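Peer 1: Need the 3D shape of this:
(2 chains)
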Amino acid sequence: KAGVTQTPRYLIKTRGQQVTLSCSPISGHRSVSWYQQTPGQGLQFLFEYFSETQRNKGNFPGRFSGRQFSNSRSEMNVSTLELGDSALYLCASSFTSGSRYEQYFGPGTRLTVT
Amino acid sequence: AQKVTQAQTEISVVEKEDVTLDCVYETRDTTYYLFWYKQPPSGELVFLIRRNSFDEQNEISGRYSWNFQKSTSSFNFTITASQVVDSAVYFCALSEAGTSGSRLTFGEGTQLTVNP
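Peer 2: Numbering: from 1, shown residues only, chains lettered A, B, ... in the order given. Modelled structure (predicted):
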């Protein structure tokens, strides 16, 4: 079974630009969640998508957005980048059926904003 | 508001020692899930366990065991006979009612170093 794939793995952008990150979940997983990890704020939840619908959203400004496609692949977009957006962005795909629960994280996309 | 506290920032042990990582949480929800994750130096988070708030049974998986005590709002993780490969940052997390596994609130993490 292929793992969660995130592209690109590394990205360098300048302030004011926008960026799109991609996440391909485990086959059969319909839930995709995004997290931001920084040394100062730790791991913070961004949003979750399930069957192409945003199911939950964290406390991030509107510059952070996402979407999910019919094949469960998800993208997140950050517009008007700020220096503070430099972080490791992690994507998780999960599956729940009764008491059975699976969750896998991707390797992350390291975004550097200069 | 939910909160997860991992008071131990760093722990260093010698191989084969047992080590317990503490996790204390705060929530007003009666239904919630608790999680533990491992983040090795490679950076990829690895899911270890999910525990329902109604299930206070302790769980053992190989050298790993978890002790959930609702009375003290704690969900501690013990590694028995630690190995160098256990060196990583370990995160405890809490999910809100109705979300089952998303919208996680993470603790600050505990850096575990197992020395040979």
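Peer 1: in chain B, which spans are strands?
Peer 2: Here chain B has its strands, by DSSP state E, at B:3-5, B:10-14, B:19-21, B:24-26, B:33-39, B:46-52, B:59-61, B:64-69, B:74-79, B:88-95, B:104-106, B:110-115.
Peer 1: now do chain A
Peer 2: Under DSSP E, chain A gives strands at A:5-7, A:10-13, A:19-24, A:31-38, A:42-50, A:53-57, A:64-68, A:74-78, A:87-97, A:100-105, A:109-113.
Peer 1: sorry, back to before: what's the least confident stretch among the strands of chain B?
Peer 2: Ranked by mean pLDDT, those end with strand B:59-61 at the bottom, a mean of 88.
Peer 1: Residues of chain B that sit close to chain A?
Peer 2: B:37, B:42-47, B:50, B:91, B:93, B:99-109 (CB under 8 Å from any CB of the partner chain). Bear in mind the C-beta positions are built from the backbone N, C-alpha and C, glycine included.
Peer 1: Next up, the contacts around residue 42.
Peer 2: The chain I'm using is chain A. B:106-109 (CB atoms under 8 Å, 6 or more residues apart in numbering or on different chains).
Peer 1: meant chain B actually
Peer 2: residue A:107.
Peer 1: Give me the below-cutoff pLDDT ranges for chain A.
Peer 2: Chain A contains residues with pLDDT under 70 at A:1.
Peer 1: In space, not sequence, find me the middle residue of it.
Peer 2: By CA atoms, centre = their mean, the mean C-alpha position of chain A lies nearest to residue A:34, the distance being 3.1 Å.
Peer 1: Tabulate the strands of chain B (TSV), appending mean neighbour count and distance to residue A:98.
Peer 2: Converted to TSV, the strands of chain B look like this (neighbours: other CB atoms under 10 Å in any protein chain shown; distance: least, CB to CB, whole Å):
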stretch	mean neighbour count	distance to residue A:98
strand B:3-5	16	26
strand B:10-14	13	36
strand B:19-21	18	29
strand B:24-26	16	25
strand B:33-39	21	14
strand B:46-52	17	12
strand B:59-61	10	17
strand B:64-69	17	20
strand B:74-79	20	22
strand B:88-95	24	17
strand B:104-106	24	21
strand B:110-115	17	31
